[in-house]
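1. Please find the sequence and the predicted model below.
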Amino acid sequence: MSDRTCDRILIEGLRVPCIIGVSEQERRARQDVVLDITLHTDLSPAAGTDDIADAVDYSAVARSVAGHVAASRFRLVEALAESVARLCLADARVARVDVRVRKPAALPLADSAGVKITRRREG
């Protein structure tokens, strides 16, 4: 599957409370992170059959990611993003994933601070 012809599933604005950050204060209390996830996959099997069994179930992905993030205790958003990308790539139908992680309360003068990464299936 080439990137030029790859379809995408979008999960945007997934808000999950978790422990994230390096300061003592950040380590004591949960704070929201907001995730945007793009799964690059071939949607034609599901489009042809109209059967969830042939689709990457975005509801299941969102639940899995939310549970993973809520249970995590990362210091850096970079590490959190990497772990979410690995989780998404565990589905063999996902060829590539873009993960954006934002901390809305990170900077007093900004809406948020965060990272965006792209990872591809090896091979």
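-> Yes, it's here.

2. Helices of this structure, residue ranges please.
-> 24-28, 44-49, 58-71, 77-89 (DSSP state H).

3. average pLDDT across stretch 94-114?
-> The average pLDDT within stretch 94-114 is 95.

4. Could you do stretch 65-81 as well?
-> 98.

5. Could you export it as PDB, CA atoms only?
-> The C-alpha trace of stretch 65-81 is given here as PDB (Å, rounded to 0.1, in the frame of the first residue of the first chain):
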ATOM      1  CA  VAL A  65      -5.700   4.300  23.100                       C
ATOM      2  CA  ALA A  66      -7.700   6.000  25.900                       C
ATOM      3  CA  GLY A  67      -7.200   3.100  28.200                       C
ATOM      4  CA  HIS A  68      -3.500   2.900  27.400                       C
ATOM      5  CA  VAL A  69      -3.000   6.700  27.900                       C
ATOM      6  CA  ALA A  70      -5.100   6.800  31.100                       C
ATOM      7  CA  ALA A  71      -2.900   4.000  32.600                       C
ATOM      8  CA  SER A  72       0.400   5.500  31.500                       C
ATOM      9  CA  ARG A  73       2.800   7.600  33.500                       C
ATOM     10  CA  PHE A  74       5.100   9.200  31.000                       C
ATOM     11  CA  ARG A  75       7.200  12.200  31.600                       C
ATOM     12  CA  LEU A  76       7.400  13.400  28.000                       C
ATOM     13  CA  VAL A  77       4.700  13.800  25.400                       C
ATOM     14  CA  GLU A  78       7.300  12.400  22.900                       C
ATOM     15  CA  ALA A  79       7.300   9.000  24.800                       C
ATOM     16  CA  LEU A  80       3.500   9.000  25.100                       C
ATOM     17  CA  ALA A  81       3.100   9.700  21.300                       C
END
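
6. can you start the count at 495 instead of 1 from here on
-> Fine by me, first position is 495 from now on; the one you just mentioned is stretch 559-575.

7. Give the buried residues for it.
-> Using 16 or more other C-beta atoms under 10 Å as the test for burial, stretch 559-575 gives Val559, Ala560, His562, Val563, Ser566, Phe568, Val571, Leu574, Ala575. Placement of C-beta: from N, CA and C, glycine included.

8. mind checking how far it is from the chain centre?
-> Taking the mean of its C-alpha atoms, stretch 559-575 sits 10 Å from the chain's own mean (C-alpha atoms, centre = their mean, to the nearest Å).

9. Many thanks, have a good one.
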